Each structure stands twice: as C-alpha cells, then as structure tokens.
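Asks: just to be clear, the model below is a prediction. Sequence and coordinates:
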Amino acid sequence: MKITIGQYEATIYPEGDGFTGAISLGFDATGKRLRVKRKGRTKAQVKDKLREVVEDLETGIKTEANYSVEEAVNDFLEKGLKGKAKSTIDNYRSLASKHVIPQIGAVKLKQLTADHLDKWLDGRAAELSTRSLRLIHQILERAIRQAQARDRVKRNVASLVTVPEGQEGHPSKAMTLEQAVKLLEAADRATDVRLSAYVVVSLLAGIRTEEARALTWPEVDLTARTIAVYRSVRAKGDTKTKRSRRVLKLPKKAVEALKAHHTRQSAERLQAGELWRDHGLVFCRQDGTPLDRWQVRREFQKITMLAGLGEDWSPRELRHSFVSILSAHDVPVEDISDLVGHVSTHVTETVYRHEIRPALTKGAQAMDKILKKRSRSA
C-alpha cells in the first residue's frame, strides 16, 4: 500500500503479526537507500507514526521517542543552572528528586501532554504549598525549554498549563521583645554553640542570612562598632540589590558577641593548623571554610531550644524579629528600610507587612535603649 504524506512517499505492508511502514528519503553518498521505518499492530497506527516522522522532518526536529521527563530534568539540573547560587541549585535538586522524578520521571517527554500536567499538578496541590508548586512548574518548564533548544521535543507543554493554588505555606513570624531577650540570654549561655554570635548579630543588626555568611573580618570594625555589608553568598557574591550595600552601627551586645567569637575562632585556627583554609570569614566551619544554610539552621535551633522557644524557627526570622521590635518601639519605617537595605519603604512595608506597625546609627541606638529599658524593668 503506497501513500503520500506531505512531500514524502511511504509504503505500508504486512509484516509478522502487524504492519510496517517505510518512508523513502532518497540515497546517501554511497548510493545506499535511506528509509525510515515504523511498526504497529494496525495500518492506522503505522500511518500515525509515519505522520509524526514527517512532522519531524519538515520542522527539522528529530524528537527522541525514549527521552524521558527524568532525563530532561537531570539534563537541566546539570547544564541549565550555570551561574546560579549553590543554595538555589541544591533547592532545585531537592524539589526535583522528591516531587518530580518519582511522580512523572518515567513519562516519555514526547508523550507528556498539557492535560497530563494539569491533572498531576492538581493532585500535588493537595499536599504542597503554592510556592513549591510554582518552583516545580518552573523546573519542568525550563527543563523542557532546554530540551526544545536541543531538538528533543517540539513544544513546551509546561508553558501551556496554569499552576493551581496549593496549601498555605509556613508563614514567617517574628519574636516578641521578651522572646528576643530570652534568645540573647541563651546565646550567652550557649558556650558549646559555635554560631551564637551569628544569632546575636543577625537579630540586633537585621542583616540577611546570606549576608551574614559572607561577612569577612576586614569588614568588621569592633572599635568603631560597625560592619560593612558589601557581599552575600548569592551567585557572583553580590548583595540582593545595590541599596543592600550598607555600613551598620552595631549595638554593644553584638560587639561583645563578636569579640568573644573572634577569640574562639583564633583558638580554632591554631588547633586546625595546616588544615585551616583561610577565607577571612567571620562565620565559618571549624576549618575556615564557608558554612551552608543547613549548618546555620542546626546551630540556631540549638539556641532557640535552650531559650525555651522550641525548634520551629528559621534563621531568616531573626531579620523579621529585628524589624518587628524596632517598629513596635516607634522607629520610623524610613529608618528601618535603610537598616535592612531595601530600595524603598514600599518594599519594607510589603515584605514585612505583619511586622511593621502604624539608621544606620539609629538602629544600634534604638536596640541599646530597648535592651537597657527591658533589663531595668525585669
């Protein structure tokens, strides 16, 4: 049986228990005949497969029938995240390994449809937060886009679906003044916790966790009681925005904590000897190398437990607490915005809408007064 599909001639003939279809593509340089074959149980199945072959030939795309969602995602994680921060890459890998690959990784990318994705995302919405769903969709959309760029699939079905609303995520919260004082007292007692100074500085200066992890000793002036926030652990070491580059006056308690931390780190450096890797970091591992966010979280939770606050706190909530305490003690939002490195008060009011009610040096002065007043009334 001879048929014409587009500009190509094809033949379908019985073979074995079904049928075989062949499209002639002419001859190669040696005179050998070039043919593409597809098999099926019925003529209709074979004809559909031959049409797919012609579509690929006419668009110049040679889709891979066995290329799976898992392979596409893994290729994206390996090649598509160049220049991204390690924390971002780790987060993407974690989401993909937990929520994408086990669920739809075995599906052939060529067979993945918008309906399939809609149904799958709707099912995940019963368990995951909206933010997680959006990140998962982003991983898929970018993985398929990369596959498109390499002619492994014709269209990006992930771009054709709408991400559903998921469960309410874990809301950020802020400590009350009483809770913050308990935390600071616990940090003083926690002699076995290496990062107690990290907690004190983050709470009393309001710097971001990624800024604290990148802070170096040359940027700390304990005599002038200042820290220069010029970098972060983001990709390329930049702060979140240009406005985030700032010099902050430190409250006395933060200075005391940093002095004790410096003494302790010097002893660790001597003990490590040749194993010490000097990065100049204020907060680092026992060999001088950079910290990751999980280490910071574990150390932080040791102090919250010691303070009787439980372990349901994250390091980023120290910054929320900083904003909340200053706002509750009538520090103007304009000063708070300068202190936390926002481009405008609108950003501060939007990001910290639950903490804000209604600088640089003012923040340290305010914290000193707040803590002094609290200690007198205790």
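Replies: Good, I have the coordinates.
Asks: ok, residue 94 to residue 124 distance?
Replies: 15 Å (Cβ to Cβ, to the nearest Å). Heads up, the C-betas are built off the backbone N, CA and C, glycines and all.
Asks: which of those two has more neighbours?
Replies: residue 124 (18 against 10; other Cβ atoms under 10 Å).
Asks: could you measure from the more buried one over to residue 118?
Replies: 11 Å.
Asks: repeat that for residue 346.
Replies: For residue 346 relative to residue 118 (Cβ to Cβ), the value is 36 Å.
Asks: more neighbours: those two, which one.
Replies: residue 118 (16 against 11).
Asks: who touches that one in this structure?
Replies: Residue 118 is in contact with 161-162, counting by Cβ atoms under 8 Å, 6 or more residues apart in numbering.
Asks: which element, helix or strand, includes residue 295?
Replies: Using DSSP states H and E, residue 295 maps to helix 293-306.
Asks: go on, residue 11?
Replies: Element membership of residue 11 [criterion: DSSP H and E] is strand 8-15.
Asks: so how far is the helix holding residue 295 from its chain's centroid?
Replies: Relative to its parent chain, helix 293-306 has a centroid offset of 20 Å by Cα atoms, centre = their mean, to the nearest Å.
Asks: and stretch 310-327, by the same measure?
Replies: Offset of stretch 310-327 from its chain centre (Cα atoms, centre = their mean): 20 Å.
Asks: the residue positioned nearest the centre of the chain: which element?
Replies: The centroid of the chain falls nearest to residue 88 when counting by Cα atoms, centre = their mean (3.5 Å). In the assignment (DSSP H and E), residue 88 maps to helix 86-95.
Asks: counting by contacts, list what that helix packs against.
Replies: Helix 86-95 sits against helix 69-79, helix 130-149, with contacts defined as 3 or more Cβ pairs under 8 Å, 6 or more residues apart in numbering; DSSP states H and E.
Asks: if we can go back for a sec, ok, the residue nearest to the centre of the chain touching residue 81?
Replies: Yes: when contacts are counted by Cβ atoms under 8 Å, residue 88 is listed as touching residue 81 (7.1 Å).
Asks: got the angle for the helix holding residue 88 vs helix 293-306?
Replies: For helix 86-95 against helix 293-306, the angle by axes from the mean of the first three to the mean of the last three Cα atoms, to 10 degrees is 90 degrees.
Asks: buried set for the helix or strand just after helix 86-95?
Replies: The helix or strand immediately downstream of helix 86-95 is helix 101-104, counting by DSSP H and E. Buried residues in helix 101-104, counted by 16 or more other Cβ atoms under 10 Å: 101, 104.
Asks: show the subsequent helix or strand relative to helix 101-104.
Replies: As assigned by DSSP H and E, the chain's next helix or strand after helix 101-104 is helix 114-124.
Asks: between helix 69-79 and that following helix, find me the angle.
Replies: On the basis of the same axes, to 10 degrees, helix 114-124 is oriented at 80 degrees to helix 69-79.
Asks: tell me the mean pLDDT for helix 114-124?
Replies: Averaging pLDDT along helix 114-124 yields 91.
Asks: and the helix or strand harbouring residue 261, what does it pack onto?
Replies: Following DSSP H and E, one finds residue 261 within helix 252-272. On a contact count with 3+ Cβ pairs under 8 Å, 6+ apart, helix 252-272 meets helix 196-205, helix 360-377.
Asks: one more pass at 6 Å, please.
Replies: Helix 252-272 is packed against helix 196-205, with contacts defined by 3 or more Cβ pairs under 6 Å, 6 or more residues apart in numbering; DSSP states H and E.
Asks: could you give the angle of the helix it packs on to helix 360-377?
Replies: 110 degrees.
Asks: how about stretch 177-188: buried residues?
Replies: By 16+ other Cβ under 10 Å, the buried positions in stretch 177-188 come out as 177, 179-184, 186-187.
Asks: can you pull out the low-pLDDT segments for the stretch 251-378 of the chain?
Replies: 347-363, 378 (pLDDT under 70).
Asks: picking that back up, out of the buried residues of stretch 177-188, which sit inside helices?
Replies: 177, 179-184, 186-187 (DSSP state H).
Asks: for residue 252, state which of these is nearest.
Replies: residue 184 (11.9 Å; Cβ to Cβ).
Asks: from residue 364, how far out is the closest one?
Replies: Distance from residue 184 to residue 364, by Cβ to Cβ: 15 Å.
Asks: got it, and residue 299?
Replies: From residue 299 across to residue 364, the span is 24 Å (Cβ to Cβ).
Asks: the two: which has the busier surroundings?
Replies: residue 364 (23 against 19).
Asks: domain map for the protein?
Replies: Domain ranges of the chain: 2-59, 69-160, 177-377, per automatic domain parsing.
Asks: give me the mean pLDDT for the first one.
Replies: Across domain 2-59, pLDDT averages out at 80.
Asks: quick one: that domain to chain centroid distance?
Replies: Distance of domain 2-59 from its chain centroid, counting by Cα atoms, centre = their mean, is 46 Å.
Asks: could you measure from residue 140 over to residue 146?
Replies: 11 Å.
Asks: comparing those two, which residue is more hemmed in?
Replies: Taking other Cβ under 10 Å, residue 140 and residue 146 do not tie; residue 140 has more neighbours (26 against 18).
Asks: pretty sure that one sits against residue 159.
Replies: No: if you go by Cβ atoms under 6 Å, residue 140 and residue 159 don't touch, sitting 9.5 Å apart.
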